[in-house]
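Trainee: What follows is a predicted protein model with its sequence.
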Amino acid sequence: MSIFSWNCQGLGRTQDLTIQRLREIRRTYFPEIMFLMETKKCRDILVDLQQWLGYDRVFTVEPRGLSGGLAVFWKNEIKLDFKFADKNLIDMQVQFGEVTFYLSCIYGEPSSEGKNIVWERISRIGVNRREKWCMLGDFNEILNNDEKIGGPMRSEESFKPFGDMLSACGMEELESSGIRFTWAGQRWKKWIQSCLDRAFGNREWLRVFPGSNQKFLAKRGSDHRPVLLMLQASQSKNRGQFRYDKKFLFQPGVKEKIIEAWRGTEGGSDNCCVAKRLRDCRGALSVWKKEKDFNAKDRIHILEDRLEWFQSRNYPCWHAIRVIKKELGRAYKEEELFWQQKSMEKWLKYGDRNSNFFHETVKANREKRKLIKLKDGSGLEHWSEESKALVALDYFKELFKSSDPPSYQPVIQSMRPRVTDSMNQRLLAAVTDKEIRDAVFGIKSSSAPGPDGMSGLFFQQY
């Protein structure tokens, strides 16, 4: 399980790469819970964003004027019980399978006058809370002068209220990776970097989730780095599987690759089995697909690394950052247009009209195919992909297990033959080319592919 936190500094600003960054996070990590600060948008817009990102529920705190605004997105397999919410804090109880814990999403008061009020409210919550508890977000505060670069030195007394709140709640900062100076900006005509965004856990949290850690991601689309909180040291990833789809039909050189793979290398055997030829075709298409995807995304990755390097400097070049952001936004748009042209007809017909048709269709299909949990024979619920696979395997092993009877004769003797001799001769006859062709073209071209990843369209086309 993972939780994402980001001060996005406003949604919908294409020139600042905010929306593109959220889509990239969704595609790469798809965290179970996503917490956004400074949304600066009303609930109606955030509900549209929830559908667009593929989440099932959203909880919002409205902005005040042109600033503020909080949003929590989550999936159906997560159950949230909100205990308190205002413009600085959303406190909730999270249930994920058999695991239950408390989560406080915090947006610290930017002005010094209101900070103590926020810390006092959190301290009152933490006095009687001994269960598993984590807090994360943009605290808008640091613990000492070592957590900032640039700007005037602050007195040690100014750090005390924040430190006292963490001590009262029994909080310790989680292990981290990435650049810890999550915010950078200009103050007093000086370039300053600070550790404002982070995650903390109490003793019970660290006891139950000893491998929990936080990862500071690259800074794009906002002055703040996103924080990805992971409850385990490593998360299992679903391995991708080859699928033949329609986009191969429109690509030059694909047919030649398939013909070359089907015929095999020079000097190869002409008696190569069909399964071997299909594996060769699948391998050739996989190589072709990887090459094309790399070429399409290579420019984006170079620009992202370049932007990260410039923004991490003590004295960044603003002109270079503006140019790179503009080029990166153009590259994102080009990639989006490329895949829109190659996607389903429904998307081309309806998806570009800002309607709910495409979003609802995708959401409904996802809900139909998704297995959130499985119960084993003892009634225990299993949520992770590995444990669900083991439950399914044990179930079907038991279902199809033989009772090993001493003899099958009593069962066979009670059966009356239904296949005549003439029927048996037709069944044993060699399969004709016409029968193979009728079977292949009788398959719906857009139906689900077989175990080899090839759909009916592949056989009908080639």
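Mentor: Looks like it came in fine.
Trainee: Now do stretch 55-72, average pLDDT.
Mentor: Average pLDDT, stretch 55-72: 89.
Trainee: what about the nearest residue to Arg21 once chain neighbours are set aside, neighbour count?
Mentor: Take Arg21 and drop its neighbours on the chain: the residue closest to it by CB to CB, 6 or more residues apart in numbering is Gly221, 3.9 Å away. Where you see a C-beta, it was placed from the backbone N, CA and C, and this is true even at glycine. Gly221 is flanked by 27 other residues according to other CB atoms under 10 Å.
Trainee: For Gly221, give me the backbone phi and psi.
Mentor: In terms of degrees, to the nearest 10, the main-chain angles of Gly221 are phi 90, psi -10.
Trainee: Just to check, it is in contact with Glu24?
Mentor: No. The criterion here is CB atoms under 8 Å, and Gly221 misses it with Glu24 at 9.3 Å.
Trainee: list the contacts for Arg243?
Mentor: Pro449, Gly453, Ser455 (CB atoms under 8 Å, 6 or more residues apart in numbering).
Trainee: And for Ser286?
Mentor: Phe242.
Trainee: which residues in the stretch 301-450 of the chain form strands?
Mentor: Taking DSSP state E, counting those that start in this stretch, the strands of the stretch 301-450 of the chain run over residues 374-375, 381-382.
Trainee: could you dump these to JSON lines with mean pLDDT?
Mentor: Below are the strands of the stretch 301-450 of the chain laid out as JSON lines (pLDDT from 0 to 100):
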{"stretch": "strand 374-375", "mean pLDDT": "84"}
{"stretch": "strand 381-382", "mean pLDDT": "75"}
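Trainee: Quick check: which of the ones you listed is buried the most?
Mentor: strand 381-382 (a mean of 16; mean count of other CB atoms under 10 Å).
Trainee: residues in contact with stretch 425-432?
Mentor: Stretch 425-432 has contacts (CB under 8 Å, 6+ apart) with Val419.
Trainee: Now that stretch - C-alpha only, CSV.
Mentor: The C-alpha coordinates for stretch 425-432 follow below in CSV (Å, rounded to 0.1, in the frame of the first residue of the first chain):
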residue,chain,number,x,y,z
GLN,A,425,-15.2,-41.4,-38.5
ARG,A,426,-16.0,-37.7,-39.2
LEU,A,427,-14.4,-36.7,-35.9
LEU,A,428,-11.2,-38.6,-36.6
ALA,A,429,-10.9,-37.2,-40.1
ALA,A,430,-8.1,-34.8,-40.9
VAL,A,431,-9.0,-31.1,-40.4
THR,A,432,-9.4,-29.3,-43.7
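Trainee: give me the low-pLDDT residue ranges for the chain?
Mentor: 12-16, 233-241, 245-247, 250, 265-272, 292-297, 334-370, 384, 446 (pLDDT under 70).
Trainee: quick one: the strands in the stretch 1-150 of the chain?
Mentor: So, for the stretch 1-150 of the chain - with DSSP E, counting those that start in this stretch - the strands run 2-7, 33-37, 57-61, 70-74, 78-85, 89-96, 99-107, 133-138, 148-149.
Trainee: so what does the first one touch, helix or strand wise?
Mentor: So the one you mean is strand 2-7. Under the contact criterion of 3 or more CB pairs under 8 Å, 6 or more residues apart in numbering; DSSP states H and E, strand 2-7 touches strand 33-37, strand 99-107, strand 133-138, strand 197-201, strand 227-230.
Trainee: Please name whichever of these is nearest to Leu17.
Mentor: strand 33-37 (14.9 Å; CB to CB).
Trainee: Pro161 contacts Val118, doesn't it?
Mentor: No. At 9.5 Å, Pro161 does not count as touching Val118 under the criterion of CB under 8 Å.
Trainee: Compare those two (neighbour count), which wins?
Mentor: Between Pro161 and Val118, counted using other CB under 10 Å, Val118 has the larger neighbour count: 23 against 16.
Trainee: Let me know which of the strands of the stretch 1-150 of the chain is tucked in deepest.
Mentor: By mean count of other CB under 10 Å, the strands of the stretch 1-150 of the chain have strand 33-37 as the most buried, with a mean of 26.
Trainee: And the contacts of it?
Mentor: By CB under 8 Å, 6+ apart, strand 33-37 touches 2-8, 11, 25, 53, 55, 69-75, 78, 80, 90, 94, 103, 105, 107, 136-138.
Trainee: If we use 7 Å, what do you get?
Mentor: 3-8, 55, 70-74, 78, 105, 107, 137-138 (CB atoms under 7 Å, 6 or more residues apart in numbering).
Trainee: Same question for stretch 98-115.
Mentor: 5, 35, 37, 70, 72, 88-94, 118, 122, 129, 131-141, 161, 205, 381.
Trainee: send the alpha carbons of it over as CSV?
Mentor: The C-alpha trace of stretch 98-115 is given here as CSV (Å, rounded to 0.1, in the frame of the first residue of the first chain):
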residue,chain,number,x,y,z
GLU,A,98,-7.4,-6.5,8.1
VAL,A,99,-5.1,-3.5,8.8
THR,A,100,-6.5,-0.4,10.5
PHE,A,101,-4.5,2.8,11.3
TYR,A,102,-4.9,6.6,11.7
LEU,A,103,-3.7,9.0,9.1
SER,A,104,-3.5,12.8,9.5
CYS,A,105,-3.0,14.8,6.3
ILE,A,106,-1.6,18.1,7.2
TYR,A,107,-1.2,21.4,5.4
GLY,A,108,0.7,23.7,7.9
GLU,A,109,-0.3,27.3,8.2
PRO,A,110,1.9,29.4,5.9
SER,A,111,1.8,32.5,8.2
SER,A,112,3.6,32.4,11.6
GLU,A,113,0.5,33.7,13.4
GLY,A,114,-1.6,30.6,12.8
LYS,A,115,1.0,27.9,13.2
